[in-house]
Structure formats: C-alpha cells, structure tokens
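J.: below is the structure, and that's it, no one-letter string:
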Ligand SMILES: Nc1nc2c(ncn2[C@@H]2O[C@H](COP(=O)(O)OP(=O)(O)OP(=O)(O)O)[C@@H](O)[C@H]2O)c(=O)[nH]1
Ligand SMILES: [Mg+2]
C-alpha cells in the first residue's frame, strides 16, 4: 500500500480529485481504496471504501455545544482512537494505493497536531505523500500566489511528507497562466518580478518579496502541476509524479515516458 493524502483549502476540489484520480489510477490496472476523512461531509462524488463518518460524526460534537469548525476538529482529533481499526481495514483490502480525502479546515494540517497524528497512525510506515491543492482562483495576482504557497509550505512543515503542489481547476485558467506563469514559479526572481509589478505598500512589498524568496530559494516550490479533473492528460502527469515520488523501477520509466512525450 502507498498513501496519497489530498489536502487543500475549502472547496479546492479535494473530494472531486479523490474520486477522479482513483478512477484514473484504476484505469491503468492498479487498485485504489478511497477514504473519506471529512467527518462533516454531506454528499461525496465517490463511494468511500472507508469512511470516518462510520466512526465519528462532527454533528455529535455540535450536539455537545461546539460550533461547526470546533466540532470538526474535535471529531478528527477523537478519530485517533479508531486509527488502528482503520489501518486494519485497509490492510484487509490491501490496495496498491490509498487516497485519503480530508476536510477543508486547513488548520488541522497547517497548524494543529491532531491531523498529522491521525494520518501517521493510519499510514504508519507505508510510503506516503501529500497532494496540496491550490485553487486556480488564487493565481490571478501575486498576493494570491504568495499566500497560497506560504500555506502550502506550512502544511509540508507540519505533515513532514513529500508534497506535490498542484493548481486545481486549471480548466478555469487563462492559457498564459498555464504556460507562462505556473511553470516558472520556482525560477529565481520570477515571482519577485510579479510582486514588483503590483502597486503595493512598501512594507507589504518587502514582506511578499522575502516570503517568495524563502519559497523559491529553499526549493520548496519545485514543479507545480496544473490539474483539472476535466483533462485526463493532467491526471496522467499527476499519477506519474506520484509514482516518481513514491516508487521506483518501472514507475520511474512511466514518468520519464510522459514527461519526454
Ligand atoms: N472547473 C472545475 N471545477 C472543479 C474541478 N474540481 C472540482 N471542481 C468543482 O469545485 C467544487 C468543489 O469541489 P469539491 O471536490 O467538493 O471540493 P473540496 O475541496 O472537497 O471541498 P470541501 O470538502 O468543502 O473543502 C465543486 O463544484 C466541483 O465540481 C475542476 O478540475 N475544474
Ligand atoms: Mg470535500
């Protein structure tokens, strides 16, 4: 088993990608278990093999007086009790990949300890990576880009897993953002030039430049993939990148083939 944890802000497309990526991977002959880890999910676009709602429900914590966000966090924290049982169920299914769909309350994974603890308890020593979704809507100005990449870096620091940063809903982007902006985000001074083109207060300009410098110089940005569930080729590239980061041998050749073609 190899674990793919889908993380991102509310509405960034996590649940949709979980279902579509699982179907896509299965179309190549590998088996996938879909895990819903959102205790407040109402409707899902896929049918989960394991569902946190069978163990804990956010609404039970709301009935005890917590608000919706507090209840969701309490539900995820308390699910640690079932982590072993969930892992056993996954080991019984024994798929090639497990895809975990998470809630949009990002503080669970960017700041708090509960989210990472639960994921570690479930995935144990199995190879695991994070796919972080950055909604296309952030990519129309430098403030959006710097803030979402900073959040992506907080998640990487907190989860301590290899992370693929993707721009989700890329079908909503202008072609030039896909071909001229996203591939160049990790280049020295590209993001700085974008920031310098904007009319910004000097303090905010300086802060944005320092943040972008740290993101670029640390190598964190790396390759950012534009992904749309409406574009199977983009799912191919994501699957290839996942294999490159999680596996070895034949999987690397698949990635090379795709990136060369
Ligand atoms: N255009 C477009 N829309 C998408 C894509 N992926 C998801 N969406 C839409 O984005 C909306 C939110 O998708 P979800 O998958 O529910 O997002 P989520 O991140 O799971 O949302 P929360 O669980 O509430 O945080 C839905 O209306 C989806 O149909 C995409 O690739 N392109
Ligand atoms: Mg969702």
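T.: In hand now; what should we look at? Bear in mind the structure is a predicted one, so any value in this text is a computation, not a measurement. Ligands and ions are numbered 1, 2, ... in the order given.
J.: switch to C-alpha atoms for all contacts and neighbour counts from now on
T.: Will do.
J.: next secondary structure after the helix or strand encompassing residue 59?
T.: Here residue 59, judged by DSSP states H and E, is contained in helix 58-63. Next helix or strand after helix 58-63 toward the C-terminus (DSSP H and E): helix 68-78.
J.: what sits up against the following helix or strand past that next one?
T.: Per DSSP H and E, the first helix or strand lying C-terminal to helix 68-78 is helix 83-93. By Cα atoms under 8 Å, 6 or more residues apart in numbering, the residues outside helix 83-93 that reach it are 33, 50, 98, 118, 121-123.
J.: do the same with stretch 154-164
T.: The contact list for stretch 154-164 (Cα under 8 Å, 6+ apart) reads 109-111, 113, 116, 128-132, 223-225, 241-242, 245.
J.: in that stretch, what's buried?
T.: 154-156, 158-159, 161-164 (16 or more other Cα atoms under 10 Å).
J.: just the terminal-to-terminal distance for stretch 28-40.
T.: Stretch 28-40 has its terminal residues 32 Å apart, counting by Cα to Cα, to the nearest Å.
J.: near ligand 1, anything from that stretch?
T.: No - Stretch 28-40 does not reach ligand 1 (Cα under 6 Å from any ligand atom); its nearest approach is 7.1 Å.
J.: may I see the buried residues of that stretch?
T.: For stretch 28-40, the neighbour count (16+ other Cα under 10 Å) marks 31-40 as buried.
J.: so which of the contacts of helix 83-93 is surrounded by the most neighbours?
T.: Among the contacts of helix 83-93, the one with the most neighbours (other Cα atoms under 10 Å) is residue 98, at 25 neighbours.
J.: hmm, residue 1 and that residue touching each other?
T.: Yes - contact status for residue 98 versus residue 1: in contact at 6.8 Å, counting by Cα atoms under 8 Å.
J.: mind listing the strands for the stretch 151-261 of the chain?
T.: In the stretch 151-261 of the chain, the segments counted as strands under DSSP state E, counting those that start in this stretch are 163-168, 225-226.
J.: got those as TSV, with distance to ligand 1 columns?
T.: Converted to TSV, those look like this (distance: least, Cα to the nearest ligand atom, whole Å):
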stretch	distance to ligand 1
strand 163-168	6
strand 225-226	9
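J.: now these in CSV, with distance to residue 93?
T.: Below are the strands of the stretch 151-261 of the chain laid out as CSV (distance: least, Cα to Cα, whole Å):
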stretch, distance to residue 93
strand 163-168, 25
strand 225-226, 30
